[in-house]
Structure formats: structure tokens, C-alpha cells
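Colleague: When you get a sec, could you give me coordinates for this:
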Amino acid sequence: MDNISTIVLAGSLIIIMFGMGLSLTINDFTDVFIKPKAILTGLFNQLILLPLIGFVLIAIFPIRPEIAIGVIILAACPGGPTSNLITHLAKGDTALSVSLTAISSLLTLITIPFIINLGLQLTYGQNTPIQLDILTTIAQILVIVLIPVGIGMLLRAKKGSFADRMQQPVRNASAVVFILVLAGVIFKERSNIVSYANEAGLISFALNLGTMILGLLMARIMHLSFRQSISISIESGIQNGTLAITIATVLLHNSEYAIAPAIYSLIMFLTGSLIIFWSVRHTKKTPNH
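Modeller: Here you go, the predicted structure:
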């Protein structure tokens, strides 16, 4: 993405996060931590199961090393604001999603270098150290996710009736932004989509769909609610493509490592749209489930 696209996307996500905050209260978050089974299940999926699936896939698929490293970078970058948005639109447990994003984003400061170094070692037989700008990463999480959500929650606490009136308009606006972002990404990458898809499409789709399904199954095995299960499925299957591309191009200085994250970013918007449609329909049929 160029600078203008990045600014527009970041601004849109900040507005969306604010809208999520309008629908949340402190009790939503205290419930997550008082009953930690859901968040522990989600963190297990994100930080352990997801990387394992990534390593299994690069061992199975006949792909060149640059694509393999791109898949491992993706598997090391769970969650992000996009997963919060999709969860919100799918009427999942938004508080659980935001909590998972915040915690996993901090923990991946440790896990990302380890996972990617292991991938480099297994693929190339070498160990290339990766150093993330910790302060910048934390600042991005605060500005894009936590602060807007906090402001929305504060407004809900102080002006509850206004927040209630704004929830549906903001949800509708979020859906429009989601569609526009998808259209913008497809348009921007239109000249590369075919070549990227030929090289990395199948394995990227397998990573996305496989982790999403396994996330849902794990949540149901743990007897979590439908809303919690949707959140964990999305948090498990929707990776932080923007962070993955940044690591590939800025930290590892190899644009070919960004091929898998780029095509994955297109795929996750499409599968995300499907899970939103399915979850909303299911919620309408069984509103108390």
C-alpha cells in the first residue's frame, strides 16, 4: 500500500473501532477474564495451532522458498483490526475479539521473531535475526484499536441513549467501509492478482480456511457459546496481512516474501464476507443461541 492508502485504511479502522466501543461496556471485558476459557482457547489457536498449521502446509505444498517464508510470516501474525471488524459485523463476541487482538499483538512481539527465524532455518538452513520496533508496534495497537474502542466505551457510559442510537448506523457504515476496502484492494492489485494466485493462492486459501474451521471446532469442543466460537474462528483464521507485508518488505527486505500475504489479504476478505453472511443468518434464526 502507498502512504495515502495506508492513512485512509487506518482512519477507517479507527472509526470502526470507535463504533465497536459504542456497543461495549466494562462488564463485557470483565466477563472475558472472569471466565478465561474462551480467551485461553483463542490464544492457543493463534499462537500455537496457527504456526503449526503453517509449517505443515509448507511441508505439503510444492512451493518455492520465498512463498514458504511468506506463509510462515502470515502464520506468525494473528489477528489485527480487520478481525475485530469482521467479528463485529458477524455479531460475534466483540469484546473477546478485541481482547484477543490486544493480548496476542503484545505476545507476538516475542513469538514473531522465533517463528520466522525457525521458518528461515528450516527453509534455507540459516537463522536470520528479526527485530521489531516494539514501541512503534505498541503505539499502532493503541492508536488503531485500544484508544478508539476506549473512547466509544466512555461515550456509551456517559451518553448511553446516544450510543444506542448510533450503534446501527455505525454498523451499517462499517459494512460499507468493509466493502470499499475489499474493492480498493482488488483494484490496486489487479495487475498482480493472476500471477500471485498461481503461486500462492491455493496454500493461502488452505491456511485461511483451515485455521478458521479448526478455530471454530476448537471453540465448540470447549463448549463455548456461538458468539464466542465465531470470534475465535475469525481470530484464528483472519491474519494480520498488513503486518506480514511490512515484515516481509521492511524488516526482511524481500518483496517476494510479501506475495503470499498479499494474495492472502484478498482471500481473507472474501471468506470473511462469507462468515459474516452465515453468522448473521444463524443469529437471526437462533437469536438466543
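Colleague: So, low pLDDT: which residues of the stretch 1-150 of the chain?
Modeller: Within the stretch 1-150 of the chain, the stretches with pLDDT under 70 are 1-13, 16, 20, 23, 28-29, 31-32, 80, 106, 126-142, 144-145.
Colleague: ok, now how distant is the residue nearest to the spatial centre of the chain from K159?
Modeller: When Cα atoms, centre = their mean is applied to the chain, the residue found nearest the centroid is G79 (2.9 Å). G79 is 30 Å from K159, where distance means Cβ to Cβ, to the nearest Å. Every C-beta, even on glycine, is put in place using the N, C-alpha and C of the backbone.
Colleague: With H282 instead?
Modeller: Using Cβ to Cβ, H282 is found at 32 Å from K159.
Colleague: same thing with L270?
Modeller: Distance, L270 to K159, by Cβ to Cβ: 37 Å.
Colleague: And Y264, by the same measure?
Modeller: Y264 is 40 Å from K159, by Cβ to Cβ.
Colleague: So for the two, which sits in the more crowded spot?
Modeller: A side-by-side neighbour count of Y264 and K159, using other Cβ atoms under 10 Å, places Y264 first with 26 against 13.
Colleague: and that one, what pLDDT?
Modeller: pLDDT for Y264: 87.
Colleague: Give me the neighbour count for A59.
Modeller: Using other Cβ under 10 Å, A59 has 9 other residues around it.
Colleague: ah, wrong one, I meant T271
Modeller: 17.
Colleague: these two touch, right, it and T211?
Modeller: No. T271 sits out of contact with T211 when judged by Cβ atoms under 8 Å, with a separation of 10.5 Å.
Colleague: any residues in contact with both of these two?
Modeller: In terms of Cβ atoms under 8 Å, 6 or more residues apart in numbering, T271 and T211 are both contacted by the residues G237.
Colleague: Show me where this protein has its helices.
Modeller: 3-21, 26-34, 37-44, 50-60, 65-75, 81-89, 94-124, 134-141, 147-158, 160-188, 193-221, 226-237, 241-246, 259-285 (DSSP state H).
Colleague: and those helices as CSV, adding distance to L252?
Modeller: Formatted as CSV, the helices of the chain follow (distance: least, Cβ to Cβ, whole Å):
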stretch, distance to L252
helix 3-21, 19
helix 26-34, 34
helix 37-44, 26
helix 50-60, 16
helix 65-75, 8
helix 81-89, 22
helix 94-124, 8
helix 134-141, 16
helix 147-158, 29
helix 160-188, 22
helix 193-221, 16
helix 226-237, 24
helix 241-246, 10
helix 259-285, 12
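Colleague: what about V194, neighbour count?
Modeller: Using other Cβ under 10 Å, V194 has 10 neighbouring residues.
Colleague: what's the distance between it and L57?
Modeller: Relative to L57, V194 is positioned 22 Å away (Cβ to Cβ).
Colleague: N208 too?
Modeller: 11 Å.
Colleague: repeat for I267
Modeller: According to Cβ to Cβ, I267 stands 14 Å off from L57.
Colleague: for stretch 69-83, how far is the first residue from the last?
Modeller: Stretch 69-83 has an end-to-end distance of 22 Å (Cα to Cα, to the nearest Å).
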